[in-house]
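Colleague: coordinates for the following, if possible.
(4 chains)
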Protein chains: 2
Amino acid sequence: MVVTLRDVARAAGVSPATASRALSAPDLVAPARREHVQQVARELGYRPNRAARELITGRTGNLCLVVPDLENPFFAAVAKGVQARARALGFALLVADAEEDPRLEAELVGHLGAQVDGVVLCSPRMSDLELDRLSHDVLDDDVPLLLVNRLHGGYPSVVIDNADGVRQAVRHLHALGHRRIGYAGGPVGSWSDSQRRHGLEHASHGLRSVEVTDLGHFPPLFGGGVAAGDLVAASGVTAVLAHNDLLALGILSRLRARGVRVPEDVSVVGYDDIPAATLVSPALTTVTVPLARLGRAAVDLLVEVGQVPTATESALATALSSAGAGRDPGAAGTPPSVLIGVELVVRASTGVANAQTSEVGE
Amino acid sequence: MVVTLRDVARAAGVSPATASRALSAPDLVAPARREHVQQVARELGYRPNRAARELITGRTGNLCLVVPDLENPFFAAVAKGVQARARALGFALLVADAEEDPRLEAELVGHLGAQVDGVVLCSPRMSDLELDRLSHDVLDDDVPLLLVNRLHGGYPSVVIDNADGVRQAVRHLHALGHRRIGYAGGPVGSWSDSQRRHGLEHASHGLRSVEVTDLGHFPPLFGGGVAAGDLVAASGVTAVLAHNDLLALGILSRLRARGVRVPEDVSVVGYDDIPAATLVSPALTTVTVPLARLGRAAVDLLVEVGQVPTATESALATALSSAGAGRDPGAAGTPPSVLIGVELVVRASTGVANAQTSEVGE
DNA sequence: TTGTATGCGTTATCAC
DNA sequence: GTGATAACGCATACAA
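Modeller: Below is the predicted model:
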């Protein structure tokens, strides 16, 4: 029924060992035999049994991705990038949705980590302590873990340039004449939120007449923005920077409902540039984060630091495919942490500050 | 280093066979021994080797999901439901993004199908022929395939009630006085689009004064709606039903840009009720599809028709966990196809037809 | 360069 | 009800 390596060997008139090598380690077998075995394998429609290979090599050919919420456009975009790059390298991707629950995240990392060659973890809110526990108790030592958008000792990571993003946003607002700027933050404990707060402080130091008002912490979702919108209106700021786009969209919606005009009365800036940012009116000025690239970079870095071998995979795939498409294994020597640059994209939700509310500072 | 079943057997003073049974087939071993073995396994931190088990049982404990686009909120919601249900049943989920390419879809089904116990396929546009080919050439005979939102002989499926959705939408518009209604369709070859066209025809037959104008086929994305918006404005309809929400949102955006007021001049109805439908202004009247439930139903049906055993999984999991949480294996006898009911949700994008354009029919 | 033989960790098949 | 033993399909140490 199913064609095994022994069948290939028999049909090709070689030993199972040679057949194995001809497919998985082509260099170790004479060119003529190698070609012949590969040809026979193709004709018989041989498909290597992953379980058998995994049992002996210890490698699964799978990676896994854990995110707080697949429906959140931010994580959907990251997942798309991770998936694409993983596939390009010959890995299948296990995806798990942790339902915004850090405890579940840890459990998923443990369960899935046991059956993959590497883990990509998006966990904005897990505590540093829990994060440490992962490598000790939960995860096998030989399963590398990479963090997305979070820096933590020991783990490689791919992070967004948070400081530069808020700096660009603040400078933009300042150039438009805004002096009183509000910040609608993300959840307490969010690593990127604390990064952005630091960046904000730093950025406002450079522009002395700017006063930044902390509006507090909000769930980084549309609903959180609705609550934040009221604070924006009450705070007297002429512009607000939100922790992310969903929050900004909620603010936009709430301000409109209250008759506050955007950008005439208040300017709004988001972060991430999710697709919905251009669907609303006025379109949202925001900090563009190349999320798909971030996802791809995550896989690349994970594979490199984890020494996860993708070579044998492609060797075998190449041998069995008629065409034999090439793969780029990526350059070596990448640092354990990659910084993803960001760019402010100005749309309709920001405009010049009106006279009466500007020039409040010194 | 790693704890194997033999270690457990040795420590418990039984043979490997008994140890195996105590964990995977508890009924076959005497209660006293069973308890003892399970206790020892827990103490030693025994974790069964999936590869070894897969090698002999042929089952992987994994399912896989193939979607055209993970960033599309429709598929993101389905993926979320599928993932949740799969996990609840003890399966991990491989997710693949086919980048809107039916050929890639087929390839992914082939690749991933070889390493899972069942496949959930969202493939709105793959041709019936290619679909047939899957079960013949691409997929192993013992790997069940389930289709989401598409009916096709041989495969079990979970489908949305398309006819009822458009019927509800048309009746709503008719009740508001609309007589000339446009339909902005999905892509050529989309199964659900053809279903909705049929339903549309049927629905308008029941309401004799209603005239339905076919505005053509569009990519089911925001950009497609922008194009459709111009046709809406030019066609003289007072209301338009879009194939899905993204399309409707594009129409909304384009109409506003052209100065056409919604709903004063034109009413707009979408389909699916993705989160963004409530983010825009006016909020989109649309047909609510319980996408997460659809995803869960897909997994349930797949597991049932495919006779995919989730029992041994939970038996072992129960044995190893201190608490021993229960699982519901689901009832038998479910038909091979499940119909998901839908509901019109009226929001601000639909309103009464104005006098001069209504009453055009007989 | 190639073949032989062994073992990966688990479940299944028999006897007992 | 339990234990010895043979598979599952593959990669590899070692011998040739």
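
Colleague: how many neighbours does the residue of the stretch 51-200 of chain A found nearest DNA strand D have?
Modeller: For the stretch 51-200 of chain A and DNA strand D, the shortest gap (C-beta to the nearest atom of the strand) falls at A:Ala52, measuring 3.3 Å. Quick note: C-beta positions are derived from backbone N, CA and C, even for glycine. Summarising burial for A:Ala52: neighbours were counted as other C-beta atoms under 10 Å in any protein chain shown, giving 15.

Colleague: and for A:Ser337?
Modeller: Neighbour tally, A:Ser337, other C-beta under 10 Å: 16.

Colleague: same question, A:Val305
Modeller: The burial count for A:Val305: 18, using other C-beta under 10 Å.

Colleague: and it, what's its pLDDT?
Modeller: Looking at A:Val305, its pLDDT reads 86.

Colleague: do you know how far it is from chain B?
Modeller: 22 Å (C-beta to the nearest C-beta, to the nearest Å).

Colleague: please name the nearest non-neighbouring residue to the residue of the stretch 51-200 of chain A closest to DNA strand D.
Modeller: In space, and not counting its chain neighbours, A:Ala52 is closest to B:Leu55: 5.5 Å by C-beta to C-beta, 6 or more residues apart in numbering or on different chains.

Colleague: can the helix or strand containing the one you found be said to contact DNA strand C?
Modeller: Here B:Leu55 sits within helix B:50-57, counting by DSSP states H and E. Yes. Applying C-beta under 7 Å from any atom of the strand, one finds helix B:50-57 in contact with DNA strand C at B:52-53, B:55-57.

Colleague: give the next helix or strand downstream of that helix.
Modeller: That would be, after helix B:50-57 and using DSSP H and E, strand B:62-67.

Colleague: re the thing from before, what packs against the helix holding B:Leu55?
Modeller: Applying 3 or more C-beta pairs under 8 Å, 6 or more residues apart in numbering or on different chains; DSSP states H and E, we find helix B:50-57 packed against helix A:50-57.

Colleague: contacts for the helix it packs on, please.
Modeller: Outside helix A:50-57, the residues that touch it by C-beta atoms under 8 Å, 6 or more residues apart in numbering or on different chains are A:59-61, B:49, B:51-52, B:54-55, B:60, B:114-115.

Colleague: swap in 6 Å and give it another go.
Modeller: A:60, B:51-52, B:54-55, B:115 (C-beta atoms under 6 Å, 6 or more residues apart in numbering or on different chains).

Colleague: excluding sequence neighbours, find me the nearest residue to A:Leu291.
Modeller: A:Ala77 (3.6 Å).

Colleague: count residues in the vicinity of that neighbour, would you?
Modeller: 23.

Colleague: so it, which of the three states?
Modeller: With DSSP: H, G, I helix; E, B strand; the rest coil as the basis, A:Ala77 sits in helix.

Colleague: wait, it touches A:Val289, no?
Modeller: No. A:Ala77 lies out of contact with A:Val289 (C-beta atoms under 6 Å); the separation is 8.6 Å.

Colleague: so what's A:Leu94 bridging to?
Modeller: A:Cys64, B:Leu94 (DSSP bridges).

Colleague: sorry, back to before: buried subset of the contacts of helix A:50-57?
Modeller: A:60, B:51, B:54-55, B:115 (16 or more other C-beta atoms under 10 Å in any protein chain shown).

Colleague: turn the residues you listed into CSV, including pLDDT.
Modeller: Converted to CSV, the buried ones among the contacts of helix A:50-57 look like this (pLDDT from 0 to 100):
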residue, pLDDT
A:Thr60, 96
B:Ala51, 97
B:Glu54, 97
B:Leu55, 97
B:Gln115, 95
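
Colleague: with these in mind, which one is nearest to B:Ser24?
Modeller: Distance to B:Ser24, by C-beta to C-beta, is smallest for B:Glu54 among these, at 13.2 Å.

Colleague: gap between the closest one and A:Asn49?
Modeller: Distance, B:Glu54 to A:Asn49, by C-beta to C-beta, to the nearest Å: 9 Å.

Colleague: do A:Gln38 as well
Modeller: 18 Å.

Colleague: so the two - more neighbours on which side?
Modeller: Just comparing A:Gln38 and A:Asn49: by other C-beta under 10 Å the higher neighbour count belongs to A:Gln38, 24 against 18.

Colleague: do the helix or strand harbouring the more buried one and DNA strand C meet?
Modeller: Per DSSP H and E, A:Gln38 falls inside helix A:31-44. Yes. Helix A:31-44 is in contact with DNA strand C by C-beta under 7 Å from any atom of the strand, via A:32-34.

Colleague: any chance of the residues you listed in TSV, with pLDDT and neighbour count too?
Modeller: Shown next, in TSV, are the residues of helix A:31-44 next to DNA strand C (pLDDT from 0 to 100; neighbours: other C-beta atoms under 10 Å in any protein chain shown):
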residue	pLDDT	neighbour count
A:Ala32	95	8
A:Arg33	96	16
A:Arg34	96	20
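
Colleague: in the stretch 151-300 of chain A, which residue sits closest to DNA strand D?
Modeller: A:Val299 (22.7 Å).

Colleague: the nearest residue to that residue once chain neighbours are set aside - how many residues pack around it?
Modeller: Closest residue to A:Val299 apart from its sequence neighbours, by C-beta to C-beta, 6+ apart: A:Arg85 at 3.9 Å. Using other C-beta under 10 Å, A:Arg85 has 24 other residues around it.

Colleague: follow-up on the earlier one: for the helix holding A:Gln38, packing partners?
Modeller: Where contact means 3 or more C-beta pairs under 6 Å, 6 or more residues apart in numbering or on different chains; DSSP states H and E, helix A:31-44 is packed against helix A:5-12, helix A:16-24.

Colleague: what residues does chain A put near DNA strand C?
Modeller: A:14-18, A:21, A:28-30, A:32-34, A:52, A:55-56.

Colleague: nearest to chain B, of these?
Modeller: Checking the residues of chain A next to DNA strand C against chain B by C-beta to the nearest C-beta gives A:Leu55 as the nearest, at 4.2 Å.

Colleague: need phi/psi at A:His202.
Modeller: Phi and psi for A:His202, reported as degrees, to the nearest 10, are phi -60, psi -50.

Colleague: report the separation between it and chain B.
Modeller: For A:His202, the distance to chain B - C-beta to the nearest C-beta - is 32 Å.
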